[in-house]
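> 3D model of this:
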Amino acid sequence: MTTLMTILGIVVFVVGLLFSIAWHELGHLSTAKLFGIRVPQYMVGFGPTIFSRKKGDTEYGVKAIPLGGYIRMIGMFPPGEDGRITARSTSPWRGMIEDARSAAFEELEPGDESRLFYTRKPWKRVIVMFAGPFMNLILAVAIFLGVMMTFGVNTQTTQVSSVSECVVSAEAKTDKCPAGAKPSPAKAAGLQPKDKIVAFNGHKIDDWSTLQDDIRKTTGSATITVERDGQRKELRADLIPNQVQKYDGKGKPIAGQYVTAGFLGFSPAPGVVQQSFGQSVDRMGDMVASGVESLINLPGKIPDLWDAAFDGGQRKADSPMGVVGAARVGGEVFNLDIPPSQQIATMLFLVAGFNLSLFLFNMLPLLPLDGGHIAGALWESVRRAFARVFRRPDPGPFDVAKLMPVAYVVAGVFICFTLLVLVADVVNPVRLT
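Alright, predicted model coming up:
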C-alpha cells in the first residue's frame, strides 16, 4: 500500500508539473497570437515528440521529458547589421550569435515579414515574455489562497496543549522544575490541557498570535475566559515578567535570543485553522518575500549542497530541490499520517510552491530566461526614448542575439547547478517530517 501511495503521489505531482508548464507556455502563446506574431510550435516537455497536432499555423504537442516546455516564435532576433539572416564566422562567439539569428528565421514563410517578434513594439514584447511567468504567479496565488481559506493551514491555536508546572526561564532550556520554583501563573489559575482560550481580559481572541501578544504585554492580574467541556469558565491569573523566546517580525523564533515579557505558562496546541482572506494574503506575501530571499541566497547554498551530494553531509530542510526531489516529496505526501484533506492540501501547496519558484526564477534578467528578453525590450525602450529626447536617429531594435554567448554561459551554469541538485535529490533527498 505504501508503494502504491508513493507512486500515486509522484503521478499527481507530475500531472501538476505538466499543467504548470502548459499554463506557463499558454501565457506566451495567447499574447503572441494577440499581437499577430506567428507561433509555429507549442510544446510541453523536451526530447522526442509523443503526440502532436497542427491547428492553424501552430503545432501543439507533448514531448517525452517533462522538464519544461517552449513555444517557437518567428523572428525572436533581428537580422544582423548587414541585413542578412544567415552568415558564418570563424569566431566561435560570433558563430553563436549567427546560429541564434538563423534559428529565429528558419521557419520563415511568405507573408511572415509582418508577423515577426522583433518588429513588435517593446511594450508588446514585454507583455509576451512576462505573460508566461505571470501565469505561474496567478496559479500559485490561486492555489495558495484557495487552500488556506478552505482546507486551512497547520498553525498554533488558542487551545491549551500542556500547562507548565512552574516558572522556568526560556534561557534554562528545560521544563524541569528546580527546587523551590513557584507554580506557573497558568497552573495557579487552574488552566488545563484541552481548554480553549476565547477571551483575554474581556477581549475576544480568535488566533494564537493575538493571544501571545496580549500575554506578553501583560503583567499582574488578568482574566482568562476558556471553553471547557462545552461550557465557558472565567479564570483569574497573576502574570509575571519572565525571560521568553524572542520572535522576528514574521513570528519566527530567533535562535538564542530572549526578551523579558509577561508570562502565563502554557503551550498552545497545533491545529488546522482556516484563514481569512486578509490572513491568507499576508501569508502569501511572506511566501513571496521568502522566495525572493531564497533566490538571492541560492549561490551560498551550493557548498552545503555539494557536501550533501558527494561528502555525505546533512541535507538541510531549506536546501534547493529540483523536479526529481519535488516529485519524491510528492510521493511521500500520500504516506503522511494526516487526514486525507491535509494530504491534498499539502500536495496543492507543493504545486503552488513550484509555480511561485517558476515565476521568480524566470524573472531574473538573464538570457535565456524570460526576464532576459524583458530586460532587452526595456533597454530598447530606453535607447529609443533617449534618441527622441536628444533628436538623434532611431537606434532600431536592440539586438538580443549579441548576448547569446552570455546566454550560453548562463545556461551552462544552470545545467551544472541542475545536475548537482539532481545528484543530491537522488543520493541524499529532502524528506518530509
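
> and the longest helix belonging to the chain, what does it pack onto?
Ranked by number of residues, the top helix in the chain under DSSP state H is helix 2-34. Contacts defined by 3 or more CB pairs under 8 Å, 6 or more residues apart in numbering; DSSP states H and E place helix 2-34 against strand 41-55, strand 58-72, helix 122-150, helix 323-333, helix 340-362. Just so you know, the C-beta spots here come from the backbone N, C-alpha and C atoms, and that holds for glycine as well.

> and those, which one is worst for confidence?
Mean pLDDT is lowest for helix 323-333 among these, at a mean of 84.

> Could you identify the helix or strand that succeeds the host helix or strand of A375?
Here A375, judged by DSSP states H and E, is contained in helix 370-389. Later in the chain than helix 370-389, the nearest helix or strand by DSSP H and E is helix 404-427.

> hmm, back to that, mind listing what's buried in the helix holding A375?
Residues D370, G371, G372, H373, I374, A375, G376, A377, L378, E380, R383, R384 are the ones in helix 370-389 that count as buried (16 or more other CB atoms under 10 Å).

> Now render the helices and strands packed on helix 2-34 as JSON lines, adding distance to P397 and mean neighbour count.
JSON lines is the format used below for the helices and strands packed on helix 2-34 (distance: least, CB to CB, whole Å; neighbours: other CB atoms under 10 Å):
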{"stretch": "strand 41-55", "distance to P397": "23", "mean neighbour count": "14"}
{"stretch": "strand 58-72", "distance to P397": "19", "mean neighbour count": "17"}
{"stretch": "helix 122-150", "distance to P397": "9", "mean neighbour count": "20"}
{"stretch": "helix 323-333", "distance to P397": "35", "mean neighbour count": "21"}
{"stretch": "helix 340-362", "distance to P397": "22", "mean neighbour count": "19"}
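
> Quick one: closest of these to L298.
Judged by CB to CB, the one of the helices and strands packed on helix 2-34 that comes nearest to L298 is helix 340-362, at 9.4 Å.

> The residue lying closest to M149 once chain neighbours are set aside: which element?
Spatial nearest neighbour of M149, excluding adjacent residues (CB to CB, 6 or more residues apart in numbering): S280 at 5.4 Å. In this assignment (DSSP H and E), S280 forms part of helix 277-296.

> Which other helices and strands does that helix contact?
helix 122-150, helix 340-362.

> can you rerun that using 10 Å?
Taking 3 or more CB pairs under 10 Å, 6 or more residues apart in numbering; DSSP states H and E as the contact definition, the neighbouring helices and strands of helix 277-296 are helix 122-150, strand 153-163, helix 340-362.

> Check which residues of it are buried.
Quick answer for helix 277-296 (16+ other CB under 10 Å): Q279, S280, R283, M284, M287, V288, G291.

> State the mean pLDDT of it.
88.

> The helix or strand following it to helix 404-427, inter-axis angle?
Downstream of helix 277-296, the next assigned helix or strand under DSSP H and E is helix 302-310. Put simply, helix 302-310 runs at 50 degrees to helix 404-427, going by axes from the mean of the first three to the mean of the last three CA atoms, to 10 degrees.
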